[in-house]
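Student: can you look at this prediction? I've put the sequence above it.
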Amino acid sequence: MAETSKEKVRVRIAPSPTGQMHIGTARTALFNWLFARQQGGTFVLRIEDTDVERSKKEYETELLQGLEWLGLTWDEGPDANGGPDRGEFGPYRQSERTAIYRKYIQQLLEKGEAYYCYCTKEDLEAQRQALLAAGLPPRYNGHCRNLVEPPAGRNPEVIRFKVPEVKVEFKDLIHGKTSFDTALFGDQVIAKDLDTPLYNFAVVVDDALMEITHVIRGEDHLSNTPKQILMQRALGFPTPQYAHLPLILNPDRSKMSKRFADVALSSYRERGYLPDGIVNFIGLLGWHPKDDHEVFTREYALEHFEMSRVQQAGAIFNEEKLDFVNREHMKTTPIVELVTLAVPFYEKAGIAIPSATDANYGMLAKAVALQLGRAKTLADVVEGSRLFFAMPEYEAKLLCWKETSVNDTMDALRGALAVLEAHAANKFEKEPLLEALTPLTNEKGRGVVLWPLRVSLSGQAASPDPMEIMEVLGKDESIARVSRAIEKLEGGRRLF
RNA sequence: GCCAUCAUCGUCUAGCCUGGUCCAGGACACCGCCCUCUCACGGCGGGAACUCGGGUUCGAAUCCCGAUGGUGGUACCA
C-alpha cells in the first residue's frame, strides 16, 4: 500500500469496441481492478469509440459481458444491462462527449497551442518519404504552424497540437524513470475537426475530467505518454501516475495475435475455461506473488498484489500453463457449482443428462466429480463423462486383458456379474464393491477381472476405475452393461 | 532508419535495488520410477538458464559501459 498518499485512487480501462474482446484487455482490466480494489479506489470503465468507422455496439456489449463474466466489476461506466451509466463523471462513452472535447480543442486553438493544418495526405506522404530518404525521423514539418492567412478557398484538413521541443521525463511505476525528446515528434494531429477528436487528445481530456490518478495500460502506449503529458500541460491538467504493463506475446515473442492463438476472451469461455482460471493465469502473465504461490484466487491476488513486482519484459501466452491453472481451479470449485456450469456444455454436445427434478440427478454430480483432475476444461468434463449417459459402443475384443482368452474373460465377467447381482443396490459404492469383488480378483487375478469389467462399463481403454463407474451408474445399469458385454463375447466367440 | 524499452531453464518466473549464503530456487511442460486393471490423480527422481564482451571489485546473475538480439512506437487507429 505504498504508492499512494492521501488522494483517492481512481483508475480506468479504456478499451475500444473495434473487435472481439482481447485477452490483453482482460489482463489490463485485471491489473487495474486489483490496484483499485486494493487501494480502496475507484475503477472506471470508459469506452473509447472515437473511431466511428470501426466501433461497433456488439463489441461493446461483448466487452461489458466479458468483464462481468470475469468478475472484474467496475464502479463507474456504462451498464452491462443497458441501464444508465453509473458514476458522476459521465458520459462514459467518448462518442457521447463530443461537446466536451470541442470546448478544449477551441481552448487550445485560442491560446495558440493548436492550429488548423491545411496539408493534404498527399503533401504529408511526400514529406514523409523525403525525410525518410534523407535518413531523418519522419515528422510533420510544421508547414501550417505559423500561417498568417488560411490558404484561400481551402478548408482545413486537421487540427494540430504545437508540440514544444523539450525533454519529457516521467516516472513509470513499472519501468522507473523514462524520458523522451519531443523534438522527434512533430506537431500531432489531435482532431480531424472540432467534433472529431483523436485518441491521444480524447484520453488526455477524459483522464483529467474523470480525475484519473493512475493510468495502468499496455506498454504499447508508452510512447504516447510524452505526447499526452505535453497536452496536459497545455490544458493545465495534472499528470497522473503511469504504469505500463508488459505485453502478452506470441511464441515467437511478437505481440499476441490471432495467427498464433485465440486472442478472443469469448473463445476461452466457449471452450470451458473458468473465470477464476483465466483470471489466475492472466494475472501470472507478468506478475506473481512474493511467496511463489501460482494457483490463487482473486482474493489472494488482491491481498498480495504489488505493482512493483510486475515484470518489465513481455510474457508469452502459454496455453499449457493455462490448462494446468484451470484444472486446479476446477478441483477447488464446489461440485454443485461445476455441474451448473457444465450443463450448457452438455447441451452443446447433445448429451442427455438428468434434470434437477429427476430422481437420478445425483449421478450427474458424481459423474462430474470423477472428471476432476482429469479434465482441464468444462468441455473436457462433458466429454469425459459422456460414457455415463449412454450405453457405450466398443469392440468385443477390447474386453480381453492382455493375453487373456475369450473364455477366461467371459468366466471372469460372469463371476463379476454374479457378485454384482448379489450386491445390495444401496451399497453400490466404491469400497463395498471392491470388497465384494476381492475374492474373485484374488482367484483369477485383478487384471483378468477388473479390466473387462471396466471396459464393459465404460467401453474405453482408459477411464475411471470400475468401482467408481458403478457407483455412478447404480446397480441396474451396471448389471445391464456387464450382461451386454457377456453377450458381445458370446456373439463374437466364433470370430476369435 | 529514428525513438523508446526489454534481456535468468522450452515457457512463466525467484534472486538483482541493499554484490559473497546461487557451481542459480519454484512452477508448467517433458522424461524416468513408484502406485496400478487402464487413464488420471498422487509420491519420488532427472535433464534444462544468468545473451555476449569489457570494466569496477578480494568476489558479479546482481553495479557501470558497450555490443547483440527481441519487442513496442514512429497514422487524419486505439
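Tutor: Good, I have the coordinates.
Student: helices along the stretch 1-150 of chain A, start to end?
Tutor: For the stretch 1-150 of chain A, the helices defined by DSSP state H, counting those that start in this stretch cover A:23-39, A:57-70, A:98-111, A:121-133.
Student: pick the most deeply packed of those helices.
Tutor: For those, the largest average neighbour count (mean count of other CB atoms under 10 Å) is found in helix A:23-39, namely a mean of 23. In short, each C-beta sits where N, CA and C put it, glycine included.
Student: show me what from the stretch 51-200 of chain A comes close to RNA strand B.
Tutor: Within the stretch 51-200 of chain A, the positions lying close to RNA strand B (CB under 7 Å from any atom of the strand) are A:51, A:54, A:119-121, A:124, A:128, A:132, A:135, A:137-140, A:157-158, A:175-176, A:178-181, A:184, A:189, A:192, A:198-200.
Student: now a PyMOL select for only the buried ones of those.
Tutor: Entered in PyMOL, the line below selects the buried ones among these, by 16 or more other CB atoms under 10 Å:
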select buried, chain A and resi 119+124+138+139+140+157+158+175+178+180+189+198+199+200
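Student: follow-up on the earlier one: which of the helices of the stretch 1-150 of chain A comes out lowest on mean pLDDT?
Tutor: Here the lowest mean pLDDT among these goes to helix A:121-133, at a mean of 83.
Student: and A:Leu413, how far is that from A:Ser405?
Tutor: 13 Å (CB to CB, to the nearest Å).
Student: those two: which is more packed in?
Tutor: Remark: of A:Leu413 and A:Ser405, A:Leu413 carries more neighbours, 23 against 11, as counted by other CB atoms under 10 Å.
Student: how much space between the more buried one and A:Pro466?
Tutor: For A:Leu413, the distance to A:Pro466 - CB to CB - is 11 Å.
Student: with A:Leu30 instead?
Tutor: Remark: distance between A:Leu30 and A:Pro466 (CB to CB) = 44 Å.
Student: sorry, back to before: in TSV, list the helices of the stretch 1-150 of chain A along with distance to A:Val163.
Tutor: Converted to TSV, the helices of the stretch 1-150 of chain A look like this (distance: least, CB to CB, whole Å):
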stretch	distance to A:Val163
helix A:23-39	27
helix A:57-70	32
helix A:98-111	12
helix A:121-133	16
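Student: centre of the chain versus the helix or strand of chain A at the bottom of the mean pLDDT ranking, how much separation?
Tutor: Here the helix or strand of chain A ranked lowest by mean pLDDT, DSSP states H and E is helix A:121-133, holding a mean of 83. Distance of helix A:121-133 from its chain centroid, counting by CA atoms, centre = their mean, to the nearest Å, is 41 Å.
Student: what is in contact with A:Leu413 and A:Pro466 at once?
Tutor: A:Leu453 (CB atoms under 8 Å, 6 or more residues apart in numbering).
Student: now the strands for chain A?
Tutor: For chain A, applying DSSP state E gives strands covering A:10-13, A:42-45, A:114-117, A:158-161, A:167-172, A:176-181, A:188-193, A:196-197, A:214-218, A:241-245, A:248-249, A:315-316.
Student: could you say which of those strands is packed most deeply?
Tutor: strand A:10-13 (a mean of 26).
Student: that strand close to RNA strand B?
Tutor: No: Strand A:10-13 stays clear of RNA strand B (CB under 7 Å from any atom of the strand), getting no nearer than 10.7 Å.
Student: what sits up against that strand?
Tutor: A:25, A:28-29, A:32, A:35-36, A:41-46, A:74, A:207, A:210-217.
Student: could you rerun that using 6 Å?
Tutor: For strand A:10-13, the surrounding residues in contact (CB atoms under 6 Å, 6 or more residues apart in numbering) are A:28-29, A:32, A:35-36, A:41-44, A:46, A:211-214, A:216.
Student: which of those sits closest to RNA strand B?
Tutor: Of all the contacts of strand A:10-13, A:Arg46 has the smallest distance to RNA strand B: 9.3 Å, by CB to the nearest atom of the strand.
Student: quick check: the gap between A:Val215 and A:Thr239.
Tutor: Counting by CB to CB - A:Val215 and A:Thr239 are separated by 9 Å.
Student: can the helix ranked longest in chain A be said to contact RNA strand B?
Tutor: Scanning chain A for the longest helix, with DSSP state H as the assignment, gives helix A:466-492. Yes: judged by CB under 7 Å from any atom of the strand, helix A:466-492 and RNA strand B are in contact via A:466-467.
Student: and for stretch A:208-226?
Tutor: Yes: using CB under 7 Å from any atom of the strand, stretch A:208-226 reaches RNA strand B at A:219-224.
Student: now what about that stretch, what contacts it?
Tutor: Residues contacting stretch A:208-226 (CB under 6 Å, 6+ apart): A:7, A:9-12, A:28, A:31-32, A:44, A:89, A:168, A:180, A:182, A:200, A:237, A:240-247.
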